[in-house]
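> Got a sequence here, can you model it:
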Amino acid sequence: PYGINYNDSYAVNNPKVFKGDAHINKTILQFIHFHQTLHMKFSYHCIQYIFIVLLFSYVMLFQFEPPIGNIPSIHWTEILLIILISCMMIEEFRY
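Have a look, this model is predicted:
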């Protein structure tokens, strides 16, 4: 109902996420399928890319300082940026 979905057909034919209520299972399955559609994945990738660009701009404009003395100083935003870009590269290599 939310566009083309390339998921495993077993989950569609056997919609059991929890052993309890069938309405909860259907709602959770619809939630999962909605967030796995192509337009939602594209939206999430765009939001992630914009966030990385904004964070990189912030680091370059305000937090990029040379080390003082012999102790290298790295700000938490630089660490977050390194982690996000590493995850982005791993995701690109995965596809």
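> Go over the secondary structure and confirm residue 55 is in a helix.
Yes - counting by DSSP: H, G, I helix; E, B strand; the rest coil, residue 55 is found in a helix.
> Give me the outermost residue of the protein relative to its centroid.
residue 69 (37.5 Å; C-alpha atoms, centre = their mean).
> quick one: contacts for it?
With contacts defined as C-beta atoms under 8 Å, 6 or more residues apart in numbering, residue 69 has no neighbours. C-betas here are computed from N, CA, C, even on glycine.
> how about low-confidence regions in the protein?
1-20, 67, 95 (pLDDT under 70).
> so how far is residue 75 from the residue farthest from the centre of the chain?
16 Å (C-beta to C-beta, to the nearest Å).
> For the protein, which segments are assigned as helices?
Taking DSSP state H to define them, one finds helices in the chain at 9-13, 22-35, 38-58, 76-94.
> list the helices and strands the longest one packs on?
It refers to helix 38-58. Here helix 38-58 touches helix 76-94, going by 3 or more C-beta pairs under 8 Å, 6 or more residues apart in numbering; DSSP states H and E.
> chain center to the helix it packs on: distance?
Taking C-alpha atoms, centre = their mean, to the nearest Å, the mean C-alpha location of helix 76-94 is offset from the chain mean by 11 Å.
> who's in contact with residue 56?
Residue 56 touches residue 81, counting by C-beta under 8 Å, 6+ apart.
> returning to what we had before: how about the helices of the chain in JSON lines, adding distance to residue 65?
Output for the helices of the chain, formatted as JSON lines (distance: least, C-beta to C-beta, whole Å):
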{"stretch": "helix 9-13", "distance to residue 65": "50"}
{"stretch": "helix 22-35", "distance to residue 65": "39"}
{"stretch": "helix 38-58", "distance to residue 65": "13"}
{"stretch": "helix 76-94", "distance to residue 65": "10"}
